[in-house]
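In: any chance you can model this:
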Amino acid sequence: MPLAQWRRYLQLKGATNPMSDNYTLDLEQRTVIGKKVSSLRRAGILPATVYGKGVAPISVQLNARAFNEVLRKAGRTSLISLNIAGQKPISAFIHVLQRHPVTRDILHVDFRAVNLTEELTVEVPVHVVGESPLVKRGDALVNIVLNTLQVRALPANLPHSIEVDVSGLDEFDKSIYVRDVVPSGSWTIETDGDELLINLTSATVEEAAEEEADTSAEPELVREKREEDEE
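Out: Residues are numbered from 1 along each chain as shown. Now for the predicted structure:
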């Protein structure tokens, strides 16, 4: 497919994964703070904080398993309705995750409350779909230059991810730029359109580079301590 025709195809196809599911979490106000929150984690309860524009910070807690399930499906770009006893539901995004440095278990989560009538800009992940004929033959590898794009929209209109089809990359001189991804009418891309998004690299070049790295890595010589050094 000629390059210009393929770019037109990409723009027409321009798939996105819109926010279509509704997610909710039940939270309770938290009185346990400081080092004592470790007792909550042992009981399967995750400490969290809710804050944002027009919302004073609220210390809360929730079921850790329920949160992990919502995180797996919603990610950080899907709107979540937070139900706190005695308060109106709060619309928020998962904003910051604090993880254990070794186990990677989630220790704490920050929810960012938002105003549904005000636009905001967030980083939306890029999801590659399709397969390049060159990759299928084993001649090339897909090189994702940008893993996220800056998207601006009302909170309820933010896409969960942006799908980019690479099946049209049938030549090494073809690349996908940010400008090739056409947003929907409900959100816009703020990342510079001239930035490279995805291209192909030669599989043989990558393999040669890996082999060179392996052969160039020589074992470090450990000099034995001489007697005069010991004196």
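In: which parts of the protein are strands?
Out: In the chain, strands defined by DSSP state E lie at 16-17, 23-29, 45-52, 55-63, 80-84, 90-99, 106-113, 120-129, 140-144, 148-153, 161-165, 176-177, 187-189, 196-202, listed in chain order.
In: the third one to strand 55-63, inter-axis angle?
Out: Counting by axes from the mean of the first three to the mean of the last three C-alpha atoms, to 10 degrees, strand 45-52 points 160 degrees away from the direction of strand 55-63.
In: and stretch 90-109, end to end?
Out: The first and final residues of stretch 90-109 sit 15 Å from each other (C-alpha to C-alpha, to the nearest Å).
In: which residues does the closest residue to residue 140 other than its chain neighbours contact?
Out: Spatial nearest neighbour of residue 140, chain neighbours left out: residue 134 (3.8 Å); criterion: C-beta to C-beta, 6 or more residues apart in numbering. Just so you know, the C-beta spots here come from the backbone N, C-alpha and C atoms, and that holds for glycine as well. Applying C-beta atoms under 8 Å, 6 or more residues apart in numbering to residue 134 gives the contacts 140, 169-172, 200.
In: how about the most centrally placed residue in the chain: what's its closest non-neighbour residue?
Out: Compute the mean C-alpha point of the chain, and by C-alpha atoms, centre = their mean the closest residue is residue 125, 4.9 Å away. The shortest distance from residue 125 to any non-neighbouring residue, by C-beta to C-beta, 6+ apart, is to residue 161 (4.9 Å).
In: show me what the one you found is bridged to.
Out: Taking DSSP bridges as the rule, residue 161 bridges to residue 17.
In: if I look at it, how far off is residue 77?
Out: Going from residue 161 to residue 77 by C-beta to C-beta, to the nearest Å gives 7 Å.
In: need the overlap of contacts for the two.
Out: Taking C-beta under 8 Å, 6+ apart as the contact rule, residue 161 and residue 77 both touch 124-125.
In: looking at the strands of the chain, which is buried most?
Out: Ranked by mean neighbour count, these are led by strand 176-177 with a mean of 22 (mean count of other C-beta atoms under 10 Å).
In: quick one: contacts of that strand?
Out: Under the criterion C-beta under 8 Å, 6+ apart, residues 10, 164, 166, 169, 193-199 lie in contact with strand 176-177.
In: again, only using 7 Å
Out: Strand 176-177 has contacts (C-beta atoms under 7 Å, 6 or more residues apart in numbering) with 10, 164, 193-198.
In: just those residues now: which is nearest residue 70?
Out: For the contacts of strand 176-177, the residue nearest residue 70 by C-beta to C-beta is residue 164; the value is 25.7 Å.
In: now the closest one: how far from residue 102?
Out: Applying C-beta to C-beta to residue 164 and residue 102 gives a distance of 35 Å.
In: where does this protein have its least confident helix or strand?
Out: Sorting the helices and strands of the chain by mean pLDDT, DSSP states H and E puts helix 227-230 at the bottom, at a mean of 45.
In: re the thing from before, lowest average pLDDT across the strands of the chain?
Out: Among the strands of the chain, strand 16-17 carries the lowest mean pLDDT, at a mean of 48.
In: before we move on, the earlier item: can you add distance to residue 94 and give the contacts of strand 176-177 back as a markdown table?
Out: Below are the contacts of strand 176-177 laid out as a markdown table (distance: C-beta to C-beta, whole Å):
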| residue | distance to residue 94 |
| --- | --- |
| 10 | 31 |
| 164 | 23 |
| 193 | 28 |
| 194 | 31 |
| 195 | 26 |
| 196 | 29 |
| 197 | 25 |
| 198 | 26 |
